[in-house]
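> how would this look folded up:
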Amino acid sequence: MRLPEFPFLPKDFIETEEGLIFAVVSYHPHEHKVGCFLRYVNDQNGWHKVDTEQANRLLERHHPDYLYYSNQFDATFHAVPVDRIICHHRPEERLQILMHQPAEDPLQQKLHKLITILQRYQVDIDAMGLTGSMLINQQKSTSDIDLVIYGRDAFHQCRQAIQTAIADNQLQKLDKTQMQENYQRRASELDYASFSWHEYRKYNKAMIDGSKFDIGMVCLIDELDIEHRHFLKQGIKTIQCRVTDDSRAFDFPARYQVDNAVTPELISFTHTYVGQVVKGEFIEVCGALECDASGTCRIVVGSSREARGEYIKVVDQK
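Purely as a prediction, here's the structure:
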């Protein structure tokens, strides 16, 4: 699953000697650096989570060497040289450790119960990992359980398991309070009714005994496309189109093929719009127009984690 020469995958955490923990977001190195995003900072009060604005400001002021400009993507993002990493937190290893020891808090108890339920519906624990706060033992009673599923087939099997388990009342769909918190955290450009409608049908998040959990997919190496094209941003564009291929809707980044001749591909770098639309649906998209040297263009939604001013939404179903 991991390449010896570059063993880093999205959803991993990497830690530096300055007391910074980054979430890995890239499958491939960028000039011997790991593409990532700052998530946790250690100060006199211990570890605490930072949002996008806080993360960018902290790096700009104190650690500009962790900011990296990519010619390929015409964007600046966070990146850590491999030799600056003092600890590599791997989700699959963390899950195995926790599942083979007694639960130490209520959230770990719920994790044990959740994994048992998913296994009952034929989900393979060897294709799973644990990321988020539980990966670094920083969870609170109100924390989510963030699962990683490795490989497309395993991921969609897990989505189906969640849907069936909800129907069997083994798991619960997000209640209104949880969905509203999810909506506020994501800061989506959609109104609440539209946001929740799109979310409920994804089956990549649900609840167990009052706690929210979600699943995120990490592709296997042979499922990846190698991207060599260099794109330049051309401003913001809004289009309406029909989805022709949704097979990579839950990838990171999410990819959709559409019937627009100028911009036949949509990409989302924000989890808000992963799995957002289905093949055959007529949709509206607002995002950053990017073109390569050949004139091939695409629309990117999620130039920031919050994707302010950008969205993907269904206008008309099949």
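> Okay, now the unreliable bits of this protein?
The chain contains residues with pLDDT under 70 at 72-74, 226-228, 303-307, 318.
> For it, just list every one of the helices.
Ranges of helices within the chain are 52-62, 91-99, 106-120, 152-167, 176-186, 192-200, based on DSSP state H.
> Would you format those as TSV with distance to residue 34 and mean neighbour count included?
For every residue, glycine as well, the C-beta is placed using N, CA and C. TSV is the format used below for the helices of the chain (distance: least, Cβ to Cβ, whole Å; neighbours: other Cβ atoms under 10 Å):
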stretch	distance to residue 34	mean neighbour count
helix 52-62	14	14
helix 91-99	15	18
helix 106-120	27	17
helix 152-167	23	18
helix 176-186	25	14
helix 192-200	30	16
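> Any chance of those in JSON lines with distance to residue 295 as columns?
JSON lines is the format used below for the helices of the chain (distance: least, Cβ to Cβ, whole Å):
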{"stretch": "helix 52-62", "distance to residue 295": "32"}
{"stretch": "helix 91-99", "distance to residue 295": "40"}
{"stretch": "helix 106-120", "distance to residue 295": "46"}
{"stretch": "helix 152-167", "distance to residue 295": "31"}
{"stretch": "helix 176-186", "distance to residue 295": "33"}
{"stretch": "helix 192-200", "distance to residue 295": "32"}
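> Out of these, the one nearest residue 77 is which?
Closest of these to residue 77 is helix 52-62, at 9.8 Å (criterion: Cβ to Cβ).
> Could you name the helices and strands sitting against the closest one?
strand 33-43 (3 or more Cβ pairs under 8 Å, 6 or more residues apart in numbering; DSSP states H and E).
> Can I get the strand it packs on as CSV, trimmed to CA atoms?
Written as CSV, here are the backbone C-alpha positions of strand 33-43 (Å, rounded to 0.1, in the frame of the first residue of the first chain):
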residue,chain,number,x,y,z
LYS,A,33,8.6,17.7,0.4
VAL,A,34,5.4,16.3,1.7
GLY,A,35,2.3,18.2,0.6
CYS,A,36,0.2,18.8,3.8
PHE,A,37,-1.8,21.2,5.9
LEU,A,38,-1.1,22.4,9.4
ARG,A,39,-3.8,21.1,11.8
TYR,A,40,-2.3,21.0,15.4
VAL,A,41,0.1,23.2,17.3
ASN,A,42,1.8,22.4,20.6
ASP,A,43,2.2,25.4,23.0
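> contacting residues for the closest residue to residue 14 other than its chain neighbours?
Closest residue to residue 14 in three dimensions, ignoring its sequence neighbours and counting by Cβ to Cβ, 6 or more residues apart in numbering: residue 85, at 4.8 Å. If you count contacts by Cβ atoms under 8 Å, 6 or more residues apart in numbering, residue 85 has them with 14, 15, 16, 34.
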